[in-house]
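>>> Return atomic coordinates for the entry below.
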Amino acid sequence: QYTILDTSDAKSPFKFNEIHRINHQRSYTNKATMTMMGRHAILPTYVSLLLLAVLGSIEAWSAKILSSRTSRSQLHAVKESSIDESTASQSPSIPPSSSRRAFLCQDAPSAIGAASFLSCLLGDARSSVAAEEEEEDLIDVYFGCGCFWHVQHEFVQAERSLLSRPDASLTSRAGYAGGKAGSLNGKVCYHNAANVSDYGKLGHAEVVSLRIPPSKFEEFALEYCKLFDEKGFRPDQFGDRGGEYRNLVGVPGGSKSTYAELLIRASKRTGDKLDFAVGKGDDGDAAKVVFVMDTKEFPFFKAENYHQFHDGFNWGEDYSREYNALAGMFKKMGEDFGDCPNGMVGLGVGGL
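Purely as a prediction, here's the structure:
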């Protein structure tokens, strides 16, 4: 059992010695593994023949079903669904969410053959899962773990693998969050010579925001926890330091939400190497500690375009040109990245 503690008092927003893990009991599950020798996976010949016979019976059965279905109303429904799928939901024979493919799977299996019928059912099931994900209300969350360049790359990969999102649908954006001050003159900017709305002076940290289905949050939390090494240190723990690089996660409802519980569970699943504390804003930087923020109280502010889809901070974190080009692609698509100054000396390259 874990408790996410409030680590602040009236005088100091952060005290490391007040961060505790209460009633901490490590639990280890002995997992039995099963192996199967290759030769055991080969079906004997007589079993294969039996399967062929069963498929033949299905073909015969489906042909019989087809011949018996001569109802004029059913034929009319098939005809109408073939002409215009958009009107299929008005037919009592077809559920509102069904497509012509689903109708054929349900009511005319013999028309496409037994083997194709099975494939049809599997394909329709995959379509149903995708439809459910699209219908699920998405939530905005953010994750911070040192420099946001590397973190964004990892979450872009997660969006692709966990949600099968194409480039144009990627939602991972580098930005700032966690400061009490919010924005200044409507802006939150990277360090710049003009000292305009400096994110560090506003108490913010570098984070990556993304929009995901609630049912997928734990999987993304797992990806976040994997960013830390076996000792709980972030990739640039001994490089970038200070409040701008502290570890934090923003979720709807903050530490009192179900998402906070899922975040802790993800940490336990990846080695139980992190502690968690209630984010109060302007929090300090501490190794192995993640501050849990409420996204309503501490919203996300998108970073400048030149920070988006950037190569990583560490040596060897040079990503593909296709990845780097996403920043320009989204800008051409009309996405607003604000009008902050271009870095320390106005170059807009590598933070300069």
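>>> And the pLDDT at Asp84?
Asp84 carries a pLDDT score of 45 in this model.
>>> go on, Gly343?
Looking at Gly343, the pLDDT reads 74.
>>> try the one 4 residues further on
The predicted structure scores Leu347 at 61 on the pLDDT scale.
>>> Extract the residue ranges of the stretch 251-352 of the chain that are flagged as low pLDDT.
344-352 (pLDDT under 70).
>>> Sketch out the helices for it, chain order is fine.
With DSSP state H, counting those that start in this stretch as the criterion, the stretch 251-352 of the chain has helices at 258-269, 321-324, 326-332.
>>> Make JSON lines out of those helices and add distance to Glu230.
Yep, even glycine has a C-beta here, placed from its N, CA and C like the rest. Below are these laid out as JSON lines (distance: least, Cβ to Cβ, whole Å):
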{"stretch": "helix 258-269", "distance to Glu230": "13"}
{"stretch": "helix 321-324", "distance to Glu230": "27"}
{"stretch": "helix 326-332", "distance to Glu230": "31"}
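>>> Relative to Ser161, which of those helices is closest?
Each of these has some distance to Ser161 by Cβ to Cβ; the shortest is helix 321-324, at 14.4 Å.
>>> Could you give me the buried positions within that closest one?
Tyr323 (16 or more other Cβ atoms under 10 Å).
>>> Return the set of buried residues in stretch 313-327.
Those would be Phe313, Tyr319, Tyr323, Leu326, Ala327, for stretch 313-327 by 16+ other Cβ under 10 Å.
>>> where along the stretch 201-350 of the chain do the strands fall?
205-212, 247-251, 275-278, 289-294, 301-302 (DSSP state E, counting those that start in this stretch).
>>> Is Val141 within a helix or a strand, and which one?
Following DSSP states H and E, one finds Val141 within strand 139-144.
>>> about what we covered before: farthest pair within the buried residues of stretch 313-327?
Phe313 and Leu326 (18.1 Å).
>>> so who does Lys302 touch?
Arg173, Ala174, Gly175, Ser209, Asp336, Phe337, Gly338 (Cβ atoms under 8 Å, 6 or more residues apart in numbering).
>>> Mind doing that once more with 6 Å?
Lys302 is in contact with Arg173, Gly175, counting by Cβ atoms under 6 Å, 6 or more residues apart in numbering.
>>> what's the distance between it and Ser257?
23 Å (Cβ to Cβ, to the nearest Å).
>>> Skipping adjacent residues, who's closest to Thr207 in space?
Slight slip there: residue 207 is Val, not Thr. Gly144 (3.8 Å; Cβ to Cβ, 6 or more residues apart in numbering).
>>> How about the one you found: which residues does it bridge to?
Leu248 (DSSP bridges).
>>> For Ala177, grab phi and psi.
phi -170, psi 160 (degrees, to the nearest 10).
>>> Contact partners for it?
Per Cβ under 6 Å, 6+ apart, neighbours of Ala177: Tyr142, His204, Val207, Gly250, Phe298, Phe300.
>>> May I see the ChimeraX selection of the buried members of these?
The buried residues among these can be selected in ChimeraX (16+ other Cβ under 10 Å) with this line:
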select :142,204,207,250,298,300
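>>> Quickly name whichever of the contacts of Ala177 is closest to His191.
When these are compared against His191 (criterion: Cβ to Cβ), the nearest one is His204, at 11.5 Å.
>>> of the strands of the stretch 201-350 of the chain, which approaches Cys225 most closely?
strand 289-294 (8.9 Å).
>>> Report the angle between the closest one and strand 139-144.
150 degrees (axes from the mean of the first three to the mean of the last three Cα atoms, to 10 degrees).
>>> ok, strand 289-294: who's next to it in the sheet?
strand 247-251 (parallel), strand 275-278 (parallel).
>>> List the buried residues for it?
For strand 289-294, by 16+ other Cβ under 10 Å, it's Val289, Val290, Phe291, Val292, Met293, Asp294.
>>> Spatially, which two of those residues are the most separated?
For the buried residues of strand 289-294, the farthest-apart pair by Cβ to Cβ is Val289 and Asp294; their separation is 17.4 Å.
>>> And the pLDDT at Ser8?
Note on Ser8: pLDDT of 50.
>>> Kindly report the same for the one 4 residues further on.
Note for Ser12: predicted pLDDT of 41.
>>> Then Val188?
Predicted confidence (pLDDT) for Val188: 98.
>>> Would you agree it is in contact with Tyr176?
Yes. Counting by Cβ atoms under 6 Å, Val188 does reach Tyr176; the two are 4.9 Å apart.
>>> who has more neighbours, these two?
Taking neighbours as other Cβ atoms under 10 Å, Val188 and Tyr176 compare with Tyr176 leading, 30 against 27.
>>> And that one, its phi and psi?
The phi/psi pair for Tyr176 (degrees, to the nearest 10) is phi -130, psi 150.
>>> Please tell me I have it right and it contacts Lys187.
No. Between Tyr176 and Lys187 there is no contact under Cβ under 6 Å: 10.4 Å.
>>> how close does Ser320 get to Gly250?
Per Cβ to Cβ, Ser320 is found 28 Å from Gly250.
>>> need the contact list for Phe217.
Residues in contact with Phe217 (Cβ under 6 Å, 6+ apart) are Tyr259, Leu262.
>>> let's see 10 Å
Ile139, Val141, Val251, Pro252, Ser257, Thr258, Tyr259, Leu262, Leu263, Ala266 (Cβ atoms under 10 Å, 6 or more residues apart in numbering).
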